[in-house]
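S.K.: how does the following fold in three dimensions:
(one chain, ligands or ions: 1)
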Amino acid sequence: MSALSRRCGHNNIRVTIRSGKYFRVDSPPVNALVTPQLARELHGVLERFGRAVSTGSGNRVSVFFEPGIFGHHKVGRAVDIYAVGGLGFETWKRRWDAAQQEVGRAKNEERGTNLGWRLYKTLQTCGRWSQPYGFPVQLFGPWTREEGPWKYISDFLLNAHRDHIHVAK
Ligand SMILES: [Zn+2]
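M.R.: Have a look, this model is predicted:
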C-alpha cells in the first residue's frame, strides 16, 4: 500500500478485476477499478460461470467492462459488463428473444448456449450484491424484468441497461 492510498483511507482503495482460470478480462484494467470486496465477489462468480460454460478446450470465456459514472460507480462499488464471449448484450438479448418465439428444442438449446443470459443468471443466483435500504438488489440488465430480482424495474432503468449488466456490492 502506498503512502497516498493509506492517507486516503481504506475505503478509497481500488483494484482491477483480473482474469481467472476460466475467464479472461478483455477490457483495459482502468475500465473496472473497484473495491477489493466487489473484485473478490465478481471474480468468484465469473470463475464459476467460466467453468460452467467451458468447452474444455482451454479457451477462457472473455468478458469486457466499461467504466460507469453514476451512483455506486463513483465509489468503486459497481461494475458494468458490456460483453461476454465476444458479443454485446443487445445481441445476446435479441438472440434470446428470438428463441423464445420458437417452440421446444430451440428454446431449450438457447438456455445452454446464450452466454449473456447464463451470465445474468449466474450473477443472480451466485452473487451477493448490494441492497441499500428501500432499494432493490443492485443487479440490473436486459433480463431484469423477466428474470428478476427486481421485476418491477422501470422502463427508464430497463432501457438504460439494454446493452450491459450492472452489479454493485
Ligand atoms: Zn453501472
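S.K.: make it CA atoms for all contacts and neighbour counts henceforth
M.R.: Noted.
S.K.: in this protein, which spans are strands?
M.R.: 15-16, 23-25, 33-34, 61-66, 78-84, 87-88, 139-140, 165-168 (DSSP state E).
S.K.: in its sheet, what does the last one sit against?
M.R.: On the basis of DSSP bridges, the sheet neighbours of strand 165-168 come out as strand 78-84 (antiparallel), strand 139-140 (antiparallel).
S.K.: so residue 60 touches residue 23, yeah?
M.R.: Yes. The pair residue 60 and residue 23 qualifies as a contact (Cα atoms under 8 Å) at a distance of 4.6 Å.
S.K.: quick check: neighbours shared by these two?
M.R.: By Cα atoms under 8 Å, 6 or more residues apart in numbering, residue 60 and residue 23 have these common neighbours: residue 50.
S.K.: who has more neighbours, those two?
M.R.: Remark: of residue 60 and residue 23, residue 23 carries more neighbours, 24 against 21, as counted by other Cα atoms under 10 Å.
S.K.: what residues does this protein have near the ion?
M.R.: 80, 166 (Cα under 5 Å from the ion).
S.K.: report the longest helix in the chain, please.
M.R.: In the chain, assigned by DSSP state H, the helix with the most residues is helix 36-53.
S.K.: the bottom helix or strand of the protein by mean pLDDT?
M.R.: Sorting the helices and strands of the chain by mean pLDDT, DSSP states H and E puts helix 3-8 at the bottom, at a mean of 47.
S.K.: to what extent is the closest residue in space to residue 161 that isn't next to it in sequence buried, counted in neighbours?
M.R.: Nearest residue to residue 161, sequence neighbours excluded (Cα to Cα, 6 or more residues apart in numbering): residue 141, at 4.9 Å. Neighbours of residue 141 under the rule other Cα under 10 Å: 28.
S.K.: can you pull out the low-pLDDT segments for the chain?
M.R.: 1-11 (pLDDT under 70).
S.K.: apply 50 and report the result again.
M.R.: Applying pLDDT under 50 to the chain flags the ranges 1-7.
S.K.: follow-up on the earlier one: mind putting the strands paired with strand 165-168 into TSV with distance to residue 114?
M.R.: TSV is the format used below for these (distance: least, Cα to Cα, whole Å):
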stretch	distance to residue 114
strand 78-84	10
strand 139-140	18
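S.K.: need those strands in TSV with mean neighbour count, can you?
M.R.: TSV is the format used below for the strands paired with strand 165-168 (neighbours: other Cα atoms under 10 Å):
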stretch	mean neighbour count
strand 78-84	24
strand 139-140	25
